[in-house]
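J.: sequence? don't have it. structure:
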């Protein structure tokens, strides 16, 4: 499967009553990612120590927490991870257009895992519960790679 925002979005099942909120979250994230006033923050995050997948995953996680807080906690929590995944892919595509292979295709999975694990911990999910949720994420990712419908859903909290 080619990893791009269109392919990833088409694999996610967002309930109709949440599609508008989902689109607003993604647009707010894109505004932050591509706003010239935040460019230095993003460059600083990416220039820090560590592998690109960890920096990208943690950076998108931090951005999603910032967006959640900025919404006064009104953002539907079940949309944070799906929107974060789309924004992570979007950011990786952008970085790769600027400098090819900055984020290798193989790093997308581990970047997504880092984002999800960081989000779960920042929302107070105990480490053992977060590890179980990550196991479930891996199973869903395998289904998505196999083209199974409904592998990633935003209807569960």
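T.: Here it is on my side, so go on. Only a predicted model underlies this, so the values are computations on that prediction, with no experimental measurement involved.

J.: how near is residue 42 to residue 21?
T.: 24 Å (Cβ to Cβ, to the nearest Å). For glycine as for every other residue, the C-beta is placed from the backbone atoms N, C-alpha and C.

J.: wait, residue 101
T.: Between residue 101 and residue 21 the distance is 34 Å, computed by Cβ to Cβ.

J.: So if I had to pick from the two, which one is more boxed in?
T.: Set residue 101 next to residue 21 and count neighbours by other Cβ atoms under 10 Å: residue 21 wins out with 19 against 9.

J.: pLDDT score assigned to that one?
T.: Confidence at residue 21, expressed as pLDDT, is 96.

J.: Not counting sequence-adjacent ones, nearest residue to it?
T.: Distances taken as Cβ to Cβ, 6 or more residues apart in numbering place residue 76 nearest to residue 21, at 5.4 Å, with adjacent residues excluded.

J.: and residue 116, what is it in contact with?
T.: 57, 61, 81, 84, 133, 134, 137 (Cβ atoms under 8 Å, 6 or more residues apart in numbering).

J.: just residue 60 next, same as before
T.: Residue 60 neighbours (Cβ under 8 Å, 6+ apart): 29, 84, 87, 88, 91, 111, 115.

J.: burial count for the fourth one?
T.: Burial of residue 88, expressed as a neighbour count using other Cβ under 10 Å, amounts to 28.

J.: so it is in which element?
T.: helix 80-98 (DSSP states H and E).

J.: Just give me how far that helix sits from the chain centre.
T.: Mean-position distance between helix 80-98 and its chain equals 7 Å (Cα atoms, centre = their mean, to the nearest Å).

J.: on that earlier part again, for the contacts of residue 60, name the two members farthest from one another.
T.: Largest separation among those by Cβ to Cβ: 29 and 111, giving 14.9 Å.

J.: and the gap between residue 135 and residue 54?
T.: 19 Å.
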